[in-house]
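Novice: show me how the following folds:
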Amino acid sequence: MSVRSATEAEPEQVTEPVQVTEPEQVTEPMDAPACALRIGEAAKACGLTTRTLRYWDEIGLLTPSEKREGGERLYSAAEVERAARIKELQDLLGFSLAEIRVVLETEDILDGWRSAKRANAQPEIQRRLLAEAIDANDKLVARLDDTLGRIRAYRDERADKAERLRERSRQLEAGTAVSTRDDTTTRPTLNRKPTVNTAS
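Specialist: Sure, this is the predicted structure:
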């Protein structure tokens, strides 16, 4: 058994160099750029027709922010959302376009005050915008109260007519003589008031 001499050096261990990597930089995801929609795409997104969107543009209810050469309309995300809001007011609440215009004008005034508040605008500016928002909202509430009053009156009239029709049916079933005067054809008078412009 051979003995290694004291002067014999141990073989040098070669280690792989350690690679120092830079810490990975995490970047925040960028917001997707707002993409304008053609009129057909906007109409499909809202469940509307292109004819409806064109008409709303003609009467100034919803005007697209961009139009290309040739008259092609392009709608931003905010405008598509506004179109959906108009449809909601029509379908769920049965508002006319004149009534919807008042609602949108009121909401725009309220949004103007909220924007000034978020931007820390000068107090006098915030007070002025807040006063305009309160006035616009009060006018809208008054208009809604008037509409609800007319709806209740019409509902009561229809309920009264329903009772008269049932009484006529009971008379016929009993063989009782029925008056020849038709008192079931009265028509309600729904006096509509002109649109209140809250933008002034």
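Novice: can you list the domain ranges for this protein.
Specialist: What automatic domain parsing lists as the domains of the chain is 35-94, 95-176+195-200.
Novice: please enumerate residues in contact with stretch 107-120?
Specialist: 125, 126, 129, 130, 132, 133, 136, 137, 198, 199 (CB atoms under 8 Å, 6 or more residues apart in numbering). Bear in mind the C-beta positions are built from the backbone N, C-alpha and C, glycine included.
Novice: before we move on, back to that, including mean neighbour count and mean pLDDT, could the domains of the chain go into CSV?
Specialist: What follows is the domains of the chain, written out as CSV (neighbours: other CB atoms under 10 Å; pLDDT from 0 to 100):
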stretch, mean neighbour count, mean pLDDT
domain 35-94, 15, 92
domain 95-176+195-200, 14, 90
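Novice: for the residue most central in space within the chain, which non-adjacent residue is closest in space?
Specialist: Taking CA atoms, centre = their mean, the centroid of the chain lies closest to residue 85, which sits 2.9 Å from it. When the adjacent residues along the chain are set aside, residue 85 lies closest to residue 104, with 7.5 Å between them (CB to CB, 6 or more residues apart in numbering).
Novice: quick one: the one you found and residue 131, what's the gap?
Specialist: 20 Å (CB to CB, to the nearest Å).
Novice: same check, this time on residue 121
Specialist: 14 Å.
Novice: and if you look at residue 67?
Specialist: 36 Å.
Novice: same check on residue 59?
Specialist: With CB to CB as the criterion, residue 59 and residue 131 are 29 Å apart.
Novice: where do the helices sit along the chain?
Specialist: 39-46, 50-58, 77-93, 97-118, 123-174 (DSSP state H).
Novice: what sits up against the second one?
Specialist: For helix 50-58, the surrounding residues in contact (CB under 8 Å, 6+ apart) are 39, 40, 42, 43, 62, 63, 64, 73, 75, 83, 86, 97.
Novice: any chance of those in TSV, with distance to residue 50 too?
Specialist: As requested, the contacts of helix 50-58 are exported to TSV (distance: CB to CB, whole Å):
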residue	distance to residue 50
39	5
40	6
42	8
43	5
62	13
63	15
64	12
73	9
75	11
83	11
86	15
97	17
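Novice: greatest separation within the residues you listed: which pair is it?
Specialist: The span of those, defined through CB to CB, is set by 40 and 97 at 21.9 Å.
Novice: tell me who's in contact with residue 67.
Specialist: Per CB under 8 Å, 6+ apart, neighbours of residue 67: 73, 74.
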